[in-house]
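Asker: missing the sequence, but the structure's below:
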Ligand SMILES: [Zn+2]
């Protein structure tokens, strides 16, 4: 028996009934003894207990003892630590040797010695409801959660399904990360895109508050307010808007304390108009701007040649410096760019930005002090038991120049900042939500070791990797 099995067995044994209850989504985590159930006495609950029951919140006190702690904020790892979780939050973090009677009183002890614990991971760029399909979305979310992902930023889809899924995730009806979604705004001409039709069915293109057309005549304060009213966490500025309108949207969202997430370029607005937003997505958009500065409308097709372009280009250097100065966070999405060799092999009719160029610009941005988050905008294949986020993190380290510690921050503390939720989660600190991932092998030695996930804890509820049995993600028609 190797050490991993020993820990897994210890986890299962030490946790007992409470473990089983907490591992099963949709079940109450209250442990009902058979003799209590048969007496069928009405339970006398305090209002606080009643609320915990209705919201299916974790209520148990649990001590995770012995892991090496990686806090997610760049601080050095600390060996042999103990995390005391009370309900859904972290109540204490101390060296395991300093656990005393007060800290362990009434707690279930879970021995996680020789593992590594870090904050739950966040994929900052997914699309799970562009063409709403519940079975598909639930399968993706489940694959994410059991791999250590406790939060996803969904960058625009049907807010009705996303709202429903996010509530189901919150009350543990679904095994899913917490879902933070965007409301999208764009120029009217963008709403011929078929993705906007499937995402707002019944409302008319550009009319849904989460998929909304704006012009110079729009009441921008109202557009932002109704975007917030969908339950979204942020405003996504997508395409086909002039610079002054992008700047106005960014300013209004900030005034309403609503995170604002834009494509790096919104056409005809330039990448400079997006600076000041909370985040910008898709790093190679700056390369396209440099090669095609007069493009007025969004479109994937007919990319210019990037021949001879590198991160030392004056236009790219100028933007990277401005991005660093602005404090805007970069959502590089290296996953959407193919390696040059693969592009060449496909003999594509049009040029594409190669991953090497995307990574070189990311590396330059990182060196200039730009904060980076890990967003994939791409799913792993249906038969892959692990999500794409691990590949994005591999690329951020091996191609983008981040250290493993910085890549972990990209998927934890930086991601929480992008969501405006850094007071709630993103680092392992007292008072924050108990969103934890335990991995067997040291991710600071090799970020690929995050794949050795053993246990995810989200809001105090446990999801053991051994309970995940991967079934291929359902076939999903999308545009
Ligand atoms: Zn996207």
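Answerer: Happy to help now that I have it. The structure presented is a predicted model; accordingly, all values stated were derived computationally and were not measured.
Asker: which parts of the stretch 251-400 of the chain sit against the ion?
Answerer: In this structure, the stretch 251-400 of the chain approaches the ion at residues residue 377, judged by CB under 5 Å from the ion. Quick note: C-beta positions are derived from backbone N, CA and C, even for glycine.
Asker: now do the contacts for the closest residue to the ion within the stretch 251-400 of the chain.
Answerer: In the stretch 251-400 of the chain, the residue that lies nearest the ion is residue 377 (4.4 Å; CB to the ion). Taking CB atoms under 8 Å, 6 or more residues apart in numbering, we find residue 377 in contact with 125, 126, 127, 155, 281, 282, 333, 335, 336.
Asker: go through stretch 397-414 and flag the buried ones.
Answerer: 397, 399-402, 404-414 (16 or more other CB atoms under 10 Å).
Asker: hmm, back to that, reformat the contacts of residue 377 as TSV; add distance to residue 369.
Answerer: Shown next, in TSV, are these (distance: CB to CB, whole Å):
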residue	distance to residue 369
125	22
126	27
127	29
155	25
281	19
282	20
333	20
335	23
336	24
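Asker: using CSV, lay out those together with pLDDT and secondary structure.
Answerer: Listed next are the contacts of residue 377 as CSV, based on pLDDT from 0 to 100; DSSP: H, G, I helix; E, B strand; the rest coil:
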residue, pLDDT, secondary structure
125, 98, strand
126, 98, strand
127, 96, coil
155, 98, coil
281, 98, strand
282, 97, coil
333, 98, coil
335, 97, helix
336, 96, helix
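Asker: quick check: the two most widely separated of the residues you listed?
Answerer: 126 and 282 (14.2 Å; CB to CB).
Asker: more crowded one of these two?
Answerer: residue 126 (27 against 22; other CB atoms under 10 Å).
Asker: and of the contacts of residue 377, the nearest to residue 59?
Answerer: For these, the nearest to residue 59 is residue 126 (30.0 Å; CB to CB).
Asker: spatially nearest residue to that closest one (excluding sequence neighbours)?
Answerer: residue 152 (4.8 Å; CB to CB, 6 or more residues apart in numbering).
Asker: how about residue 378?
Answerer: residue 335 (4.0 Å).
Asker: how long is stretch 300-312 end to end?
Answerer: Counting by CA to CA, to the nearest Å, you get 24 Å between the two ends of stretch 300-312.
Asker: what does it contact?
Answerer: 287-288, 290-292, 316-317, 320, 350-354, 357, 360-361, 363-364.
Asker: quick one, which of those are buried?
Answerer: Buried among those by 16+ other CB under 10 Å: 287-288, 290-291, 316, 320, 352-354, 357, 360-361, 363-364.
Asker: columns secondary structure on top of those, output as CSV?
Answerer: As requested, the buried ones among the contacts of stretch 300-312 are arranged in CSV below (DSSP: H, G, I helix; E, B strand; the rest coil):
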residue, secondary structure
287, helix
288, helix
290, helix
291, helix
316, helix
320, helix
352, coil
353, coil
354, coil
357, helix
360, helix
361, helix
363, helix
364, helix
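Asker: now residue 102: which helix or strand?
Answerer: helix 101-104 (DSSP states H and E).
Asker: packing partners for that helix?
Answerer: strand 78-86 (3 or more CB pairs under 8 Å, 6 or more residues apart in numbering; DSSP states H and E).
Asker: quick revisit: now do the contacts for the residue nearest to residue 378.
Answerer: Neighbours of residue 335 in contact, by CB under 8 Å, 6+ apart: 376, 377, 378, 388, 391, 392, 395.
Asker: export those to a markdown table and tack on pLDDT and distance to residue 179?
Answerer: Listed next are the contacts of residue 335 as a markdown table, based on pLDDT from 0 to 100; distance: CB to CB, whole Å:
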| residue | pLDDT | distance to residue 179 |
| --- | --- | --- |
| 376 | 98 | 15 |
| 377 | 96 | 16 |
| 378 | 95 | 18 |
| 388 | 98 | 17 |
| 391 | 98 | 21 |
| 392 | 98 | 18 |
| 395 | 98 | 24 |
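Asker: so of those, which ones are in helices?
Answerer: 391, 392, 395 (DSSP state H).
Asker: so the last one is in contact with residue 372, correct?
Answerer: Think residue 395. No - contact between residue 395 and residue 372 fails when scored by CB atoms under 8 Å: they sit 11.4 Å apart.
Asker: the closest residue to the ion within the stretch 51-200 of the chain: how many residues sit nearby?
Answerer: Nearest to the ion, among the residues of the stretch 51-200 of the chain, is residue 155, at 4.4 Å (CB to the ion). Residue 155: 26 surrounding residues under other CB under 10 Å.
Asker: isn't it right next to residue 126, touching?
Answerer: Yes - taking contacts as CB under 8 Å, residue 155 lies within contact range of residue 126: 7.1 Å.
Asker: mind listing the shared neighbours of the two?
Answerer: With CB under 8 Å, 6+ apart as the test, residue 155 and residue 126 both reach 375, 377.
Asker: what does the stretch 101-250 of the chain put close to the ion?
Answerer: Residues of the stretch 101-250 of the chain lying near the ion (CB under 5 Å from the ion): residue 155.
Asker: what segments of the stretch 101-250 of the chain are strands?
Answerer: 108-111, 116-119, 121-126, 149-154, 178-186, 207-208, 211-213, 234-237 (DSSP state E, counting those that start in this stretch).
Asker: redo these as CSV? Include distance to residue 297.
Answerer: Formatted as CSV, these follow (distance: least, CB to CB, whole Å):
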stretch, distance to residue 297
strand 108-111, 55
strand 116-119, 40
strand 121-126, 22
strand 149-154, 25
strand 178-186, 11
strand 207-208, 21
strand 211-213, 14
strand 234-237, 15
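Asker: the ones you listed: which one's closest to residue 463?
Answerer: Closest among these, using CB to CB: strand 149-154, at 9.3 Å.
Asker: partner strands of that closest one, with direction?
Answerer: strand 121-126 (parallel), strand 178-186 (parallel) (DSSP bridges).
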